[in-house]
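Undergrad: Return a 3D structure for these sequence lines:
(2 chains)
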Amino acid sequence: MLLLRRLLVTLVVLAAIGLGGFWLLTDPRIVSPAPEVGALPAADLDNGKLLFAAGGCASCHATPGQEDRTKLGGGLALTSAFGTFHAPNISPHTRDGIGNWGVQDFVDAMAAGVGRQGEHLYPAFPYTSYRLIPPKALADLFAYIRTLPPIEGKAAAHELRFPFNIRRLVGGWKLLFFQGGSFQPDPTKSEAWNRGFYLVNGPGHCAECHSNRNALGAIVQATRFAGGPDPEGKGWVPNITQDEANGLGKWSKDEIAELLKTGFTPSFDSVGGSMADVVRNTAQLSDADRAAMAEYLKSLPAVQGPARPRGGGG
Amino acid sequence: MIRTVLVVAGLGLGLTAVMAQSNPIAERQQIMKAVGGATREGAAMAKGDVAFDAAKAQTVFKTYADAAAKMPALFPDSSKTGGETTAAPKIWEDQAGFKAAFVKFGQDAEAGAKAADLASFRTAFGAATKNCGTCHEVYRIKK
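TA: Prediction:
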């Protein structure tokens, strides 16, 4: 009896230590420390505008059902295996948007996935990619967003299934899958390649859709860029590695850049679904930036993605 | 035995032929392929890779107009899936919007058919091909 009780006490203590450890380790500031912004030179609004296009901010945050991509009232519903996410209002409205945010708040969100209340943000918001954008550039983007019209009204709260609705668990997800740090150029590669790497992996967040994900919703790095089922559950996202059969192996750099400008494939098929919206963003970049993205994509080794189901609805 | 196999095989062939004729998925994919081919020719002229040719320009817009006229009827309820279609469910949820998109495409194609020089062709071709992306964004799934 005494032995049993001692065992029970030990178990409770161990569980408490475990929980405490988990609590500590999943603290947003511990698992995902954001870079310190510090003092910055005056914001470059042109660079902010470019990043706004390259990052595709409007694709998720523009108020649905109207044309103006600078109205960032949010509300777009993103369906997933975990439930439905609703893109928040990121217009500079002081009550409903991010009008009260400081630069550091914005950097916390973009580079570390931490909200203004110090809470974890769900990786449906691709800070896993945006973290590559250096703090100075993030400050430019923030300054640009602040010039846009404030939009009234909050988006609906996320509707997620248990246990995914427990935000703290995102800390555990970050421990497993999130790597912080902004982009470091590779000095052995060309300037164009580095620019392409940055645009594709950072603001462009191409891998977020063009990769398949594990059961916890994290990108499977071994098949990064090799395509997979549409995370929103409709159709298939193509392989954009140099795979000959299903990827971009047979595409020239010019053809890749052309798709990013006009939405036309080499066979003059016009891309559909949310890629059409992505093209609306990449069309705003310079020819040099689109060429850089193509330069980088042509350097991706051929990787075979998950097998694509044949027939029916594909 | 051999005769039975032959008869069954013959029936199978016959059925396949009939199905190909009344297969709206195959038909619309064929039409879209023609639109893509026309766009290739148009883009080459617009970019100046080949010389502007008024007759060729007419053909491009004719292909577009034909597609705009025929496409709306090729999406019966029975053709929501199969044949590697990339048609989005939205087509059947929003028939009015879907049809309106083709009306607009048809109008832009008709306007384009009047283009007699390179400059006006470029403008009209740009306007007409804008429909590709806007329509595909809503009514087509990724593939």
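
Undergrad: what about residue 112, how many residues close to it?
TA: All of this refers to chain A. Number of residues near A:A112 (other CB atoms under 10 Å in any protein chain shown) recorded here: 23. No exception for glycine: its C-beta is placed from N, CA and C like everyone else's.

Undergrad: that's the other chain; I wanted chain B
TA: Counted with other CB under 10 Å, B:G112 comes out at 25.

Undergrad: ok, A:G171 touching A:R29?
TA: No - counting by CB atoms under 8 Å, A:G171 does not reach A:R29; the two are 10.2 Å apart.

Undergrad: These two: who's more crowded?
TA: Using other CB under 10 Å as the criterion, A:G171 and A:R29 rank with A:G171 on top: 24 against 11.

Undergrad: sec struct for the more buried one, please.
TA: Under the three-state scheme (DSSP: H, G, I helix; E, B strand; the rest coil), A:G171 adopts helix.

Undergrad: Give the closest residue to it in space, chain neighbours not counted.
TA: In space, not counting the residues next to it along the chain, A:G171 is nearest to A:T26; the distance is 2.5 Å by CB to CB, 6 or more residues apart in numbering or on different chains.

Undergrad: Quick one: distance of the helix or strand hosting A:D289 to the chain centre.
TA: Secondary structure from DSSP states H and E places A:D289 in helix A:287-297. Taking the mean of its C-alpha atoms, helix A:287-297 sits 20 Å from the chain's own mean (CA atoms, centre = their mean, to the nearest Å).

Undergrad: Toward the C-terminus, what is the element adjacent to the helix or strand of chain B with the lowest mean pLDDT?
TA: Within chain B, confidence by mean pLDDT, DSSP states H and E is lowest for helix B:2-21 among all helices and strands, at a mean of 51. Per DSSP H and E, the first helix or strand lying C-terminal to helix B:2-21 is helix B:24-47.

Undergrad: Give me the contacts around that next one.
TA: Helix B:24-47 has contacts (CB atoms under 8 Å, 6 or more residues apart in numbering or on different chains) with A:264, A:267-270, B:20, B:50-53, B:56-57, B:59-60, B:63-64, B:66-67, B:70-71, B:74-76, B:78-79, B:82-83, B:85, B:87, B:118, B:121-122, B:125-126, B:129, B:132.

Undergrad: go on, stretch A:233-243?
TA: Taking CB under 8 Å, 6+ apart as the rule, stretch A:233-243 contacts A:79-81, A:206, A:209-210, A:225-231, A:246-249, A:273, A:297-298, A:300-305, A:308, A:313-314, B:86, B:88-89, B:141-143.

Undergrad: Filter those residues down to the buried ones.
TA: A:80, A:206, A:209-210, A:225-231, A:246-248, A:273, A:297-298, A:300, A:303, A:305, A:313-314, B:86, B:88, B:141-143 (16 or more other CB atoms under 10 Å in any protein chain shown).

Undergrad: From these, which land in helices?
TA: Under the assignment DSSP state H, the buried ones among the contacts of stretch A:233-243 contribute A:L297 to helices.

Undergrad: for the chain, which spans come out with low pLDDT?
TA: Using chain A. Within chain A, the ranges that satisfy pLDDT under 70 run A:310-314.

Undergrad: ah, no, chain B please
TA: Confidence mapping of chain B against pLDDT under 70 gives the ranges B:1-21, B:143.

Undergrad: Close to chain A: what parts of it are there?
TA: B:32, B:36-37, B:39-40, B:43, B:80-86, B:88-89, B:129, B:132-134, B:136-137, B:139-143 (CB under 8 Å from any CB of the partner chain).

Undergrad: Kindly recompute the last result at 7 Å.
TA: B:36-37, B:39-40, B:43, B:81-82, B:84-86, B:88, B:132-133, B:136-137, B:140-143 (CB under 7 Å from any CB of the partner chain).

Undergrad: In three-state terms, label the residue nearest to A:A53 when sequence neighbours are not counted for me.
TA: Of all residues not flanking A:A53 in the chain, A:Q284 sits nearest, at 3.9 Å (CB to CB, 6+ apart). Three-state call for A:Q284 (three-state DSSP): coil.

Undergrad: so what's the backbone phi/psi at residue 112?
TA: Defaulting to chain A. Backbone geometry at A:A112, expressed as degrees, to the nearest 10, gives phi -130, psi 0.

Undergrad: Please apply the same query to the one 5 residues further on.
TA: The phi and psi torsions at A:Q117 (degrees, to the nearest 10) take the values phi -90, psi 10.

Undergrad: Now for it, how many residues are close by?
TA: A:Q117 has 7 nearby residues by other CB under 10 Å.

Undergrad: repeat for A:G102
TA: For A:G102, using other CB under 10 Å, the count is 12.

Undergrad: Let me see the contact set for B:P76.
TA: Contacts for B:P76 (CB atoms under 7 Å, 6 or more residues apart in numbering or on different chains) come out as B:P24.
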